[in-house]
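Engineer: Attaching a predicted model along with its sequence, questions to come.
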Amino acid sequence: MKKLAAILAALLSFVLCLGGVNPAYAQQATATQPPSRGITTFYVTPEQQAEGVKVYRDILKYDVAIPNLDLSAMLPENLSDFPAAYKQVLEAARQKNGINGSFTQGWFDFQGASAVVPGTNTLFTIDAPAQGRIYSVVAGLPASQCPVKIAKTSISFFENVADAESKAKELAAQKYLVYVSPVDALTISAFSQIFYDQTTGKKKTDANCFLVSGATEDVKTDFTKIFYLLPPQLQQPARQQPFEFNPRTGDSIFLVNARKSLSPLPPANALKYGEIYNIQNGYAGFKGGFLDTRATGCQGNVYCVSTATSTNRDSGSGSWKIVSKKGSADNGKPVLANDEFYLQNQYGNATYLDTRGAGCNDDKYCVSTATSTNRDIGSGTWKIIPSNAKDGFVTLAQEVVLQNGYANFQGGFLDTRGAGCQSNAYCVSTAIGPTRDSGSTLWKFIK
């Protein structure tokens, strides 16, 4: 069963990419799922299609879905076993990724076909509305099922899921095989027909009967519901009717569909490497002061560390630069949850937040600044851990804990404990755990 689930998961990747959509696309807001890009490209010949596959797969590192791989040896033998198993895969994908067939960015190259609507066989991109997604329905009308030959391909796009569901049901009633849609039953039905003999209930044995090569006699792409997302020159024709395409030569258009997950764009308030911040302590409702250097020589290091009542007590003493362990090449890049970095104080000569000595203020380790980023087996490394998130970007004023990297992150958590050190507000050390006393181990990076 585990093998079957893995096989069907691979098949699901193929299913969701038929219309240039990505298994990682989700109905949820982009904040919870990374943006994704799907591509649909037309070619004149199968040889050009094969070259296109190489470019997308080997050079651009897309996952190519069409032409699809031969999965026949991996499928269950009996039709009766397919729907229940496949339904579980679809449900798991929906729980993880949202409604099937949704995406945030699409790239289309229709130059390899002849356009019924003049000027539409062109190259263009579309983006989903802010905080929204585009929902697609992809279906094929078979001319024959063994070998699989598609007479017409329909690809439709919508702003809301209800319209996509209606279109999927309409196409199914017209005898289309609905590969991609929000309606699981139609997807299961389509692939049941492609992979299994409906009379015997057994898996087809001729590979020509279940391989979808991407060859189709006619393609209709319907952007009427999202026409305003297209480039200006295409909006009016898209509003009036679907774009229809025929082969430029021969009797087929050859498609390549592929997908790629994109890195999410950082929010405007994301912390960035190379930037300078003040760091506020969370004790008693963030009244624990601001991380500060004051006085010299603590634990044999350069400067003593405590918290001050202001962000700039003395010439940058309360300012800290986030320094990447990879160096200045990361400057400007966003800081992610669980990143490890150095904190450089801006007072006087550059020094780095460090643990040295034990037992200060009855805590685990003492905290001061050192001249180097790695004075002693990770003592100058800090891991940033959001208190309310496991991953993603770290933002200004987000509550975090800072774990010290000494001896493979056994250095404790940056903490305030005791008052009056170096005539400042609170003493700073590291605690054994991330929650010692009323927010004493919580911190915010602010500007």
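Structural biologist: Right, received. Where do you want to start?

Engineer: Contacts for the helix or strand hosting I155, please.
Structural biologist: Remark: I155 resides in strand 148-158, with elements defined by DSSP states H and E. Taking contacts as C-beta atoms under 8 Å, 6 or more residues apart in numbering, the residues outside strand 148-158 that touch it are 19, 40, 106, 134-143, 164, 167, 171, 176, 194, 208-213, 215-223, 225-226, 242, 255. Glycine gets a C-beta too; all of them are placed from N, C-alpha and C.

Engineer: go with 7 Å
Structural biologist: The contact list for strand 148-158, computed with C-beta atoms under 7 Å, 6 or more residues apart in numbering, reads 19, 134-143, 164, 167, 171, 176, 194, 209-212, 216-223, 225-226.

Engineer: same check, this time on stretch 330-344
Structural biologist: Contacts for stretch 330-344 (C-beta under 7 Å, 6+ apart): 266, 270-274, 320-325, 350, 352-353, 373, 380-386, 389-394, 405.

Engineer: circling back to that earlier point, and whichever helix or strand comes after the strand holding I155, how far from the chain's centre?
Structural biologist: From strand 148-158 onward toward the C-terminus, using DSSP H and E, the following helix or strand is helix 161-173. Averaging C-alpha coordinates over helix 161-173 and over its chain gives two centres that are 28 Å apart (C-alpha atoms, centre = their mean, to the nearest Å).

Engineer: list the helices and strands helix 161-173 packs on?
Structural biologist: Using 3 or more C-beta pairs under 7 Å, 6 or more residues apart in numbering; DSSP states H and E as the contact criterion, the neighbours of helix 161-173 among helices and strands are strand 134-145, strand 148-158, strand 177-180.

Engineer: Helices of the stretch 251-400 of the chain, start to end?
Structural biologist: Secondary structure of the stretch 251-400 of the chain by DSSP state H, counting those that start in this stretch: the helices cover 283-286.

Engineer: Show me which of the contacts of stretch 330-344 are buried.
Structural biologist: 266, 270-273, 320-324, 352-353, 373, 380-386, 392-394, 405 (16 or more other C-beta atoms under 10 Å).

Engineer: Which of these fall within strands?
Structural biologist: Among the buried ones among the contacts of stretch 330-344, the members falling in strands are 320-324, 352-353, 382-386 (criterion: DSSP state E).

Engineer: quick check, nearest of those to F124?
Structural biologist: In terms of C-beta to C-beta, no member of these lies closer to F124 than S324, at 37.3 Å.

Engineer: my read: the closest one touches Y273, true?
Structural biologist: Yes. In this structure, S324 is within contact of Y273 by C-beta atoms under 7 Å, at 4.4 Å.

Engineer: I'd like to know how far G52 sits from P67.
Structural biologist: Computed as C-beta to C-beta, to the nearest Å, the G52 to P67 distance reads 10 Å.

Engineer: quick one: which of those two has more around it?
Structural biologist: Looking at G52 and P67 with other C-beta atoms under 10 Å, you find the greater number of neighbours at G52, namely 22 against 19.

Engineer: for the closest residue in space to that one that isn't next to it in sequence, what are its contacts?
Structural biologist: Nearest in space to G52, with sequence neighbours left out and distances taken as C-beta to C-beta, 6 or more residues apart in numbering, is V256 at 4.6 Å. The neighbourhood of V256, defined by C-beta under 7 Å, 6+ apart, consists of 41, 43, 49, 52-53, 56, 64, 66, 214.

Engineer: Repeat that for A73.
Structural biologist: Under the contact definition (C-beta under 7 Å, 6+ apart), no residues are listed for A73.

Engineer: Check the offset of whichever strand or helix holds T187 from the chain's centre.
Structural biologist: Following DSSP H and E, the helix or strand that holds T187 is helix 184-195. The chain centroid and the centroid of helix 184-195 are separated by 28 Å under C-alpha atoms, centre = their mean.

Engineer: which helices and strands does that helix pack with?
Structural biologist: Contact here means 3+ C-beta pairs under 7 Å, 6+ apart; on that basis helix 184-195 packs against helix 82-97, strand 177-180.

Engineer: Could you list the residues in contact with it?
Structural biologist: Counting contacts by C-beta under 7 Å, 6+ apart, the residues outside helix 184-195 that touch it are 15, 75, 79, 82-83, 86-87, 90, 145, 148, 168, 172, 177-181, 203-204, 210.

Engineer: could you give the mean pLDDT of the helix or strand following it?
Structural biologist: Toward the C-terminal end, the helix or strand that comes next after helix 184-195 (DSSP H and E) is strand 215-216. Here the mean pLDDT over strand 215-216 is 91, rounded to a whole number.

Engineer: now the stretch 101-250 of the chain, which segments are flagged as low pLDDT?
Structural biologist: 211 (pLDDT under 70).

Engineer: Please enumerate the strands of the stretch 1-150 of the chain.
Structural biologist: For the stretch 1-150 of the chain, the strands defined by DSSP state E, counting those that start in this stretch cover 36-43, 63-66, 102-103, 105-109, 113-115, 123-127, 134-145, 148-158.

Engineer: The stretch 201-350 of the chain now?
Structural biologist: 215-216, 219-222, 243-247, 253-261, 276-281, 290-296, 303-308, 320-324, 340-345.

Engineer: quick one: stretch 210-217 to chain centroid distance?
Structural biologist: The chain centre lies 30 Å from the centre of stretch 210-217; the measure is C-alpha atoms, centre = their mean.

Engineer: Narrow the contacts of helix 184-195 to those that are buried.
Structural biologist: Restricting the contacts of helix 184-195 to buried positions leaves 15, 75, 79, 82, 86, 90, 148, 168, 172, 177-181, 203-204, 210, with burial counted as 16+ other C-beta under 10 Å.

Engineer: Alright, I will stop here.
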